[in-house]
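Undergrad: I'll drop the sequence and a predicted model, then ask my questions.
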Amino acid sequence: MLETLFIGQNLIRLPICDSTNTVLANLSTQNNFLAEGTTLITQHQTAGRGQRGNVWEAKAGENLTFSVLLKPSFLAISNIFALNIFVALAVRKALSEVFFEKMGEIFIENPTENPFLNEIFKNNENDFKVKWANDILYKNQKIAGILIENTLKGTHIAQSIVGIGININQMIFDTPTATSLLKITNDYKTTYQEIITNEGFTKKMAQDFTYILEYILHKVLKHLEYYYLCMKKSDFLAQKEEYFAHLFQYNIWAKYKLPNEDIFFGKITQITKEGYLEMEIKNELETTEKPKIGRFGLKEITFLY
């Protein structure tokens, strides 16, 4: 049962559609009274969209592709990136929890009751990262993507269509930088099978560990509502600290590429309230020269990892 006040309570299911964001936006245009929290989900999205005009590919029936209608009229345009922060945290938190629960099914009923397993799972929880601006990674591989499309009215946001795609049970991808919950579960099980068997904690190693899509959907919607209500109360500081705690490559030197193909070293230091990425920049990592300060928008920088 869905444990939310309004997000997902009006749930529209389509067997197939081009883009859940597009369909939900059209429904909202046709009906100005469409309830906030209305969620549209499909088993097969034929023209899913991601950031930078990218296509979101997901095998039918094996993943989650859905969109949520929000009406954050309380949010000023100057704080527009706050919505990205809260949505990313909600998805990251839900995936981390679901994965932790699955590990308990594999090995023991409650991993937290065993110090040996708890340490493994605690370290693993930190492997779920938010990559600026709207990707969720697991150990450098993309497991979820978010596309937020806003309608503005004056100085505030009138409406947001939040599109979320999560790789759940798909095992084969065209790109090596993609992964899924089932894939990392199987990899994790294989990696630790011998260790955990020797410790005597193994439980269901041969079982099929396919995830239940509906359960994960409910988990994501529940966290989405929690973080959204936190944002509504203007609890930005605590949530921004949480965002930076899970931000991919935050405060470490890494390689990046500009649109002109130039490669440089950068260290993420801040994300502005408008959503720009700020970082220290060096052409050579070992140079003693003082780093420059750079600010980048979505299409102005590429992560190299």
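TA: It's in. From a predicted model like this one, the values you see are computed outputs, not experimental measurements.
Undergrad: so how far is Asn79 from Pro218?
TA: Careful, residue 218 is His; it's not Pro. 29 Å (C-beta to C-beta, to the nearest Å). No exception for glycine: its C-beta is placed from N, CA and C like everyone else's.
Undergrad: Ile212 too?
TA: 36 Å.
Undergrad: Those two - which one has more neighbours?
TA: Asn79 (19 against 11; other C-beta atoms under 10 Å).
Undergrad: Correct me if wrong: that one contacts Lys240.
TA: No - look at Asn79 against Lys240 with C-beta atoms under 8 Å: they stay out of range, at 10.9 Å.
Undergrad: List the buried residues of the one helix or strand Phe99 maps to.
TA: Using DSSP states H and E, Phe99 sits in helix 81-106. Within helix 81-106, the residues that count as buried by 16 or more other C-beta atoms under 10 Å are 81-100, 102-104, 106.
Undergrad: residues contacting Leu247?
TA: Lys129, Val130, Lys131, Trp132, Ile268, Ile271 (C-beta atoms under 8 Å, 6 or more residues apart in numbering).
Undergrad: Can you name the residues bridging to Trp250?
TA: For residue 250 the amino acid is Tyr, not Trp. Going by DSSP bridges, Tyr250 is paired in beta bridges with Ile268.
Undergrad: Report how many residues lie close to it.
TA: 19.
Undergrad: One more: Thr155?
TA: Neighbours around Thr155, by other C-beta under 10 Å: 8.
Undergrad: Test my guess that it contacts Ile77.
TA: Yes - contact criterion C-beta under 8 Å: Thr155 and Ile77 qualify, at 5.7 Å.
Undergrad: re earlier: and of the contacts of Leu247, the nearest to Ile184?
TA: Lys129 (13.0 Å; C-beta to C-beta).
Undergrad: what's the closest one in contact with, if anything?
TA: Taking C-beta under 8 Å, 6+ apart, we find Lys129 in contact with Arg92, Ile136, Leu137, Tyr138, His246, Leu247, Phe248.
Undergrad: Now Ile148. Nearest residue, chain neighbours left out?
TA: Nearest residue to Ile148, sequence neighbours excluded (C-beta to C-beta, 6 or more residues apart in numbering): Val162, at 5.3 Å.
Undergrad: Bridging across strands, which residues link to the one you found?
TA: Residues in beta-bridge contact with Val162 (DSSP bridges): Val68, Ile148.
Undergrad: how far away is it from Ile136?
TA: 14 Å.
Undergrad: what about Ala158, how many neighbours?
TA: Neighbour tally, Ala158, other C-beta under 10 Å: 13.
Undergrad: three-state assignment of it?
TA: strand (DSSP: H, G, I helix; E, B strand; the rest coil).
Undergrad: just Tyr188 next, same as before
TA: Applying three-state DSSP: Tyr188 is helix.
Undergrad: okay, which residue is most central for this structure?
TA: Ile136 (3.6 Å; C-alpha atoms, centre = their mean).
Undergrad: Could you pull up the contacting residues of that residue?
TA: Counted by C-beta under 8 Å, 6+ apart, Ile136 has contacts 88, 91-92, 95, 128-130, 142-146, 166.
Undergrad: which one of these sits closest to Thr42?
TA: Among the contacts of Ile136, and counting by C-beta to C-beta, the member closest to Thr42 is Ile166, at 13.1 Å.
Undergrad: Ile143 is in contact with the closest one, correct?
TA: Yes - here Ile166 reaches Ile143: they are 6.9 Å apart, a contact under C-beta under 8 Å.
Undergrad: what residues are shared contacts of the two?
TA: Leu95, Ile136, Leu181.
Undergrad: Using CSV, please lay out those residues together with distance to Tyr227 and pLDDT.
TA: Converted to CSV, these look like this (distance: C-beta to C-beta, whole Å; pLDDT from 0 to 100):
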residue, distance to Tyr227, pLDDT
Leu95, 14, 97
Ile136, 14, 98
Leu181, 20, 96
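Undergrad: Turn those into CSV, columns for distance to Phe303.
TA: CSV is the format used below for the shared contacts of Ile166 and Ile143 (distance: C-beta to C-beta, whole Å):
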residue, distance to Phe303
Leu95, 20
Ile136, 14
Leu181, 22
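Undergrad: closest to Ile263 among those residues?
TA: Ile136 (25.2 Å).
Undergrad: Not counting sequence-adjacent ones, nearest residue to the closest one?
TA: That would be Ala144: by C-beta to C-beta, 6+ apart, it lies 3.8 Å from Ile136.
Undergrad: State the helix or strand in which that neighbour lies.
TA: Element membership of Ala144 [criterion: DSSP H and E] is strand 141-153.
Undergrad: Extract the CA atoms of that strand and return them as PDB.
TA: Below are the C-alpha coordinates for strand 141-153, written out as PDB (Å, rounded to 0.1, in the frame of the first residue of the first chain):
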ATOM      1  CA  GLN A 141      27.900   3.500 -13.400                       C
ATOM      2  CA  LYS A 142      24.500   5.100 -14.100                       C
ATOM      3  CA  ILE A 143      21.600   3.400 -12.400                       C
ATOM      4  CA  ALA A 144      19.000   6.200 -12.600                       C
ATOM      5  CA  GLY A 145      18.300   9.500 -14.400                       C
ATOM      6  CA  ILE A 146      16.100  12.400 -13.700                       C
ATOM      7  CA  LEU A 147      14.600  15.000 -16.000                       C
ATOM      8  CA  ILE A 148      12.800  18.000 -14.500                       C
ATOM      9  CA  GLU A 149      10.800  20.300 -16.800                       C
ATOM     10  CA  ASN A 150       9.500  23.500 -15.100                       C
ATOM     11  CA  THR A 151       6.800  25.900 -16.100                       C
ATOM     12  CA  LEU A 152       7.500  29.400 -14.700                       C
ATOM     13  CA  LYS A 153       5.100  32.100 -13.600                       C
END
